[in-house]
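J.: Fold the following and give me the result.
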Amino acid sequence: MIIADLSKIEGRTYPARRRTQNLVGGVSPIQAKHFSLGYVTLDPEGGQVPWHNQEQEEVYFIVEGEGEMCLGEERRTVTGGQAVSIPPRVYHQLTNVGDRPLIMIYCYGPAGDVDHWKQELAGTLPRAGAEAPPLPEGAWKQCTEKPGE
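T.: Predicted coordinates:
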């Protein structure tokens, strides 16, 4: 039996003020061919999964907190207990708009790395309104800062 213990998975901290811990896929002891699963903590007041897209179909499940979810041309508030379906290749962003951490679980398939993790660390994410479609009107600004800046 293979068990991934969240309390023992260090995870990675990203420039957009979030920590991602892989539960299935990535550096997790559990590997799957058809999906990846992870636990994400967004820092209060602006922690973010920045504007990006990917080939995989994905779902974000908000465990607790309040966020602004941008998906294509839509912008909505999401709260604990809600799940958002993200079709392949559609730009999306999640920003913590509350004063407490936002906890979410992602699941995407098929399994494999997604480019936006490496792009964010390198400071090369496609910028909203330039190399990528614009964010919906009124949305929080996309975090594109490189580590250490």
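J.: Helices along the chain, start to end?
T.: Along the chain, the stretches classed as helices by DSSP state H are 115-122.
J.: For D115, see how far away the residue nearest the centre of the chain is.
T.: In the chain, the centroid-proximal residue (CA atoms, centre = their mean) is V49; its distance is 3.9 Å. V49 sits 13 Å away from D115, taking CB to CB, to the nearest Å as the criterion. All C-beta atoms are positioned from the backbone trio N, CA, C, and that covers glycine.
J.: Next up, the contacts around the nearest residue to H116 once chain neighbours are set aside.
T.: Distance criterion CB to CB, 6 or more residues apart in numbering; nearest residue to H116, sequence neighbours excluded, is H52 at 3.7 Å. H52 makes contact with Y91, H92, Q93, V114, D115, H116, Q119, E120, L125, P126, A132, according to CB atoms under 8 Å, 6 or more residues apart in numbering.
J.: Low-confidence ranges, this structure, go.
T.: 146-149 (pLDDT under 70).
J.: sorry, back to before: who does the nearest residue to the residue nearest to the centre of the chain once chain neighbours are set aside form a beta bridge with?
T.: Once flanking residues are discounted, V49 sits nearest to L94: 4.5 Å by CB to CB, 6+ apart. With beta bridges defined as DSSP bridges, L94 has these partners: V49, M69.
J.: Please apply the same query to M104.
T.: V40, I62.
J.: begin at 293 from here
T.: Understood, numbering begins at 293; the last thing we discussed is M396.
J.: from memory it sits against E350, does it?
T.: No - counting by CB atoms under 8 Å, M396 sits too far from E350 to count as a contact (11.2 Å).
J.: More neighbours: these two, which one.
T.: Higher neighbour count among M396 and E350: M396, with 28 against 20, using other CB atoms under 10 Å.
J.: for that one, what are its contacts?
T.: Residues near M396 by CB under 8 Å, 6+ apart: Y331, V332, L334, Y352, F353, I354, V355, G357, G359, L386.
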